Structure formats: C-alpha cells, structure tokens
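Q: predicted model follows, preceded by the sequence.
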Amino acid sequence: MDECRTCAHVFRNPRPAPGPHPGEEAPEAPAPGRLGARASARRHRAAARALSPALEPESWLDVGTGHGRFPEAAREIHPYTSFDGLDPTPRVHRARAAGRIEEAHRGHLTDPAVLARLRSRYDVVSMLHHLERTPDPRAELRAALTVLRPGGHLLVEAADPDSVFGRLLGGRRIAHGDPYRLHLLPRAALLAELRALGCTIVATDRRETHRPGAPAGAPALTLPAPATAPRAPRTAPTAATAADHAPTPLLRRTRFAHDYRVLARTPPSPA
C-alpha cells in the first residue's frame with residue numbers, strides 16, 4: 001500500500017490488472033450472529049435515513065449490493081421506493097430471488113453496456129463501502145452520476161483514514177487488515193472530487209456510521225496474521241464481542257467513528 005503525501009489517499013500499488021479484481025473475488029462472509037445482524041440492520045436504516053423519506057424517491061440502485069441486505073433494511077424507511085441491485089457476483093441474483101431487490105444487474109457500473117442500460121434511471125444511487133474495493137473510484141463516481149437522473153442523490157459510505165483509529169493504526173495497516181480493500185479515501189478528498197464533478201454536498205456524517213470492530217480488532221491489525229487461519233465454529237456472543245459493541249453508541253458520535261457518510265446531489269436539469 002502507498003499513501004499520497006498531498007491528500008493522504010491510501011491505495012494499493014501497483015494497481016490491479018484489468019479484469020476481475022480482488023474486490024469482487026472476496027469470499028462470502030458467514031452469516032452474522034444476532035448482535036452483528038441487529039447492528040448491521042441499524043446501520044443500514046441509518047444510512048437510508050440520510051435521504052429524507054419526504055423526497056419519496058421512486059427508484060434506487062444499490063451498487064455492490066451483495067446479498068441485498070441494505071435494500072432490505074432501507075425499504076423500512078422508504079416503503080414506496082423500488083430498489084434495484086448491482087453486483088459482479090451471483091449474490092445479486094440470490095438477493096432478487098429472496099425479494100430484497102426488484103431488479104438484479106450483474107456486472108460493473110463502469111461497464112459501457114451496464115451504463116447504457118441504466119443511464120438516467122435512478123433517483124438515488126448508494127455505494128456503501130464499495131468505492132474502496134474498486135480499481136478506479138473516480139470512474140465509479142462518474143458512472144454513478146451517469147445512471148442518476150438530474151437532481152438525483154448519491155449516498156457514499158467509506159472507511160475514514162482520518163479517524164482516531166485510522167491515525168493510531170495508520171491507513172496502510174487498516175488496508176492490510178482487509179486484502180480486498182484497494183483504497184482508503186479521505187473524506188476531504190471525496191468531497192473535493194464530488195464538487196469537481198458538479199455535485200452539491202447535502203450532508204456529511206460520522207455519527208451514525210461507526211461499525212463495531214476497530215477497538216477489539218486493533219491488535220489484529222498490528223500483528224502479522226498466520227498463513228492459514230481456521231474458521232472457528234459459531235458460538236454464543238463472547239465477552240469480547242459484547243465489549244466491542246458496548247461502546248459503539250459513544251464512539252460513533254466522535255472522531256473515534258471509523259466510517260463516514262456523504263450525501264451529494266447532482267445538478268438539476270437545465271431550465
């Protein structure tokens with residue numbers, strides 16, 4: 001991993017070769033336990049609330065949707081919105097079969113065929129921890145604006161290398177802790193890029209995006225991992241797991257929160 005000294009953008013160097021990249025080859029994570037599932041659903045609902053239900057978006061595309069857990073939770077906040085999903089893996093079809101999304105699109109947002117099919121179709125596009133797993137985040141942002149209608153909204157969540165934990169552990173260490181993460185984008189850099197693309201920043205937030213894991217996971221990021229780590233059988237929540245979740249309501253309201261959220265609006269159509 002390398003880090004830009006000017007903007008603190010952490011990126012994998014050399015860049016992935018064209019074709020399937022590590023971010024789309026990540027193995028399926030095991031189903032979360034009760035605590036993890038509840039926390040994930042809460043975070044997803046909080047992300048959906050970033051866009052006021054009063055706006056009543058008709059159509060929403062979740063990019064990198066995986067199993068469609070975010071659209072499933074977001075529908076509780078936006079019950080009259082049609083949610084579609086885009087993902088390079090077969091998981092998107094399983095999300096459609098499970099009823100979590102209306103339409104399943106398999107592929108990459110930057111694929112010209114996908115862009116031609118989805119151009120100007122959506123009122124909202126969400127990218128939750130998607131940009132950091134793509135070879136070219138700038139191209140992904142441009143593609144997202146292409147599939148949005150004029151005046152549409154783009155919702156982005158990403159790990160924050162400027163958080164307290166990011167500074168303590170170092171952006172490179174955080175990235176090494178996830179081999180499928182290709183970038184760490186500072187919030188200021190993302191905001192500047194969105195403004196350069198003509199977007200208006202509607203809101204930014206650290207308060208609701210904190211994910212449990214950084215406090216308890218910090219030692220794992222500072223010690224070398226074994227070459228092969230057998231997966232432990234699922235058990236009841238441990239004291240360590242409970243301790244990891246317990247401080248979350250406090251941490252997410254401070255710079256200890258290690259994620260950030262940005263809501264941006266595209267320019268309206270010319271009069």
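A: Right, received. Where do you want to start? Residues are numbered from 1 along each chain as shown.
Q: quick one: low-confidence parts of this structure?
A: Low-confidence segments of the chain (pLDDT under 70): 1-37, 162-181, 183, 207-257, 270-271.
Q: partner strands of the longest strand seen in the chain, parallel or antiparallel?
A: If you go by DSSP state E, the chain has its longest strand at strand 148-159. Strand pairing for strand 148-159, using DSSP bridges, gives strand 122-128 (parallel), strand 259-265 (antiparallel).
Q: C-terminal to the host helix or strand of Arg195, what's the next element?
A: Per DSSP states H and E, Arg195 falls inside helix 187-196. Later in the chain than helix 187-196, the nearest helix or strand by DSSP H and E is strand 200-205.
Q: and the angle from that following strand to strand 259-265?
A: Using axes from the mean of the first three to the mean of the last three CA atoms, to 10 degrees, the direction of strand 200-205 lies 160 degrees away from that of strand 259-265.
Q: direction included, what does strand 200-205 pair against?
A: Partners of strand 200-205, by DSSP bridges, with direction: strand 259-265 (antiparallel).
Q: buried residues in the partner strand, which are they?
A: Neighbour-count burial for strand 259-265, counted by 16 or more other CB atoms under 10 Å, picks out 259-265. For glycine as for every other residue, the C-beta is placed from the backbone atoms N, C-alpha and C.
Q: what does stretch 115-123 give?
A: 115, 118, 121-123.
Q: okay, now the nearest residue to Arg100 once chain neighbours are set aside: neighbour count?
A: Nearest non-adjacent residue to Arg100, counting by CB to CB, 6 or more residues apart in numbering: Gly68, 3.3 Å away. Residues lying near Gly68 (other CB atoms under 10 Å) number 25.
Q: also the one 5 residues further on?
A: Residues near Ala73, counting by other CB under 10 Å, number 19.
Q: leaving out sequence neighbours, find the closest residue to it.
A: Ala73 sits nearest to His44 (CB to CB, 6+ apart), 3.6 Å away.
Q: do the same with Glu56
A: Per CB to CB, 6+ apart, closest to Glu56 is Tyr80, 6.3 Å.
Q: quick one: the one you found is in a helix?
A: No. Read with DSSP: H, G, I helix; E, B strand; the rest coil, Tyr80 is coil and lies in no helix.
Q: by how many degrees do the helix holding Arg195 and strand 200-205 diverge?
A: Going by the same axes, to 10 degrees, helix 187-196 makes 160 degrees with strand 200-205.
Q: who are the packing partners of helix 187-196?
A: Counting contacts by 3 or more CB pairs under 8 Å, 6 or more residues apart in numbering; DSSP states H and E, helix 187-196 packs against helix 137-147, strand 148-159, strand 200-205, strand 259-265.
Q: wait, which of these is closest to His129?
A: Minimum separation from His129 across the helices and strands packed on helix 187-196 (CB to CB) falls at strand 148-159, 5.9 Å.
Q: report the buried residues of the closest one.
A: Buried residues in strand 148-159 (16+ other CB under 10 Å): 148-149, 152-159.
Q: what does stretch 76-85 give?
A: 77-78, 81-85.
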